[in-house]
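*Asks:* fold the following for me, if possible:
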Amino acid sequence: MEAFRFPPEFRAREITTNGTSIYVRAGGAGPAVVLLHGYGETGDMWATMAVDLARDHTVVVPDLRGLGLSSKPAGGFDKKTQAGDLAGVLDELKIDRAALVTHDIGNMVGYAFAAQYPDRVPRFVLIDAPLPGVGPWEEILKNPLLWHFRFGGPDMERLVAGRERIYLDRFWNEFSANPARFSEAARTHYAKLYAMPGAMHSGFMQFAAFDQDAVDNQQFLSRGKLRMPVLAIGGEKSFGATMATIMRFAASDVHEAVIPDSGHWIMEENPAATISMVRSFLDAKT
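*Replies:* Below you'll find the predicted structure:
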């Protein structure tokens, strides 16, 4: 099986909810877990982990609003709205509670969901990306590697059109400990998906919403910290232990982990360690 393809026993469907259509893959049986992807990838990034977790979990893997095979609406890219997308998906699947495993932009959607629906999230894993408005957010924004947070608009979309692979290669290369581990097959796969009509616009809008996300997250924080167990994972050559530092501003029960020999693209660079850490946390009794 190619690393970004799911096995045939996973069922794929489109779920219409919250003013959009979300492409969802689901398989397995047992306690539910949702895997949320980030920018530069789609839910396909989780295929290898989904196969492992599906041995004893019901695994739900959406494409975020506007990305992958989900529809490309004009708006709604703030993470509070996208948390509503996830609530609608789980309601349609008749899943009351689900652990969250999230990466990059998925962290932000997952946090908005956990903050609004804490009783629906028994455990929460966040991997290698900060939360707008939380902890050292303003300092993180000063990092020149994060220039893309403010890159967007119609002119930028026209500039990138037809050059999606060139644009995305920069992220896959600069945020990797070893760019060779982000395979050519995966690059080709994701570049094709991001070249779909409306996909790059949707990607830029994910970042353009960060200011609103920061406002929303401050409101969530004013209600108190998350109380479910949280595992904050950073890539050794990326956020590392800073992930736990960030999450201690937002959650009261934070566990820290670092994926060795990995940059940001954890499922490409060190999938075995990532799957092991996530499974150990999800299986923990306390």
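
*Asks:* how much space separates W265 from G68?
*Replies:* 16 Å (C-beta to C-beta, to the nearest Å). Yep, even glycine has a C-beta here, placed from its N, CA and C like the rest.

*Asks:* so for those two, which residue has more residues nearby?
*Replies:* More neighbours surround W265 than the other of W265 and G68, with 28 against 23 (other C-beta atoms under 10 Å).

*Asks:* what residues are up against the more buried one?
*Replies:* W265 makes contact with E41, W172, F175, S176, R181, F182, G235 under the criterion C-beta atoms under 8 Å, 6 or more residues apart in numbering.

*Asks:* give me that answer again for 7 Å
*Replies:* W172, F175, S176, F182 (C-beta atoms under 7 Å, 6 or more residues apart in numbering).

*Asks:* what's the neighbour count on the last one?
*Replies:* Neighbours of F182 under the rule other C-beta under 10 Å: 25.

*Asks:* residues in contact with it?
*Replies:* W172, S176, W265, E268.

*Asks:* inside helices: which ones of the residues you listed?
*Replies:* Applying DSSP state H to the contacts of F182, the entries found in helices are W172, E268.

*Asks:* can you get me the start-to-end distance on stretch 110-130?
*Replies:* This stretch, stretch 110-130, spans 12 Å end to end (C-alpha to C-alpha, to the nearest Å).

*Asks:* return the set of buried residues in that stretch.
*Replies:* By neighbour count on 16 or more other C-beta atoms under 10 Å, the buried set for stretch 110-130 is 110-117, 120-130.

*Asks:* rewinding a little: quick check, nearest of the contacts of F182 to A199?
*Replies:* Distance to A199, by C-beta to C-beta, is smallest for W172 among the contacts of F182, at 16.1 Å.

*Asks:* now the closest one. Nearest residue, chain neighbours left out?
*Replies:* Excluding the flanking residues, the one nearest W172 by C-beta to C-beta, 6 or more residues apart in numbering is F182, at 4.5 Å.

*Asks:* same question for G235.
*Replies:* Of all residues not flanking G235 in the chain, S262 sits nearest, at 4.2 Å (C-beta to C-beta, 6+ apart).

*Asks:* tell me where the protein is predicted with low confidence.
*Replies:* Within the chain, the stretches with pLDDT under 70 are 1-3, 144-155, 158, 286.

*Asks:* correct me if wrong: T20 contacts G84.
*Replies:* No. Counting by C-beta atoms under 7 Å, G84 is not a contact partner of T20; they are 9.6 Å apart.
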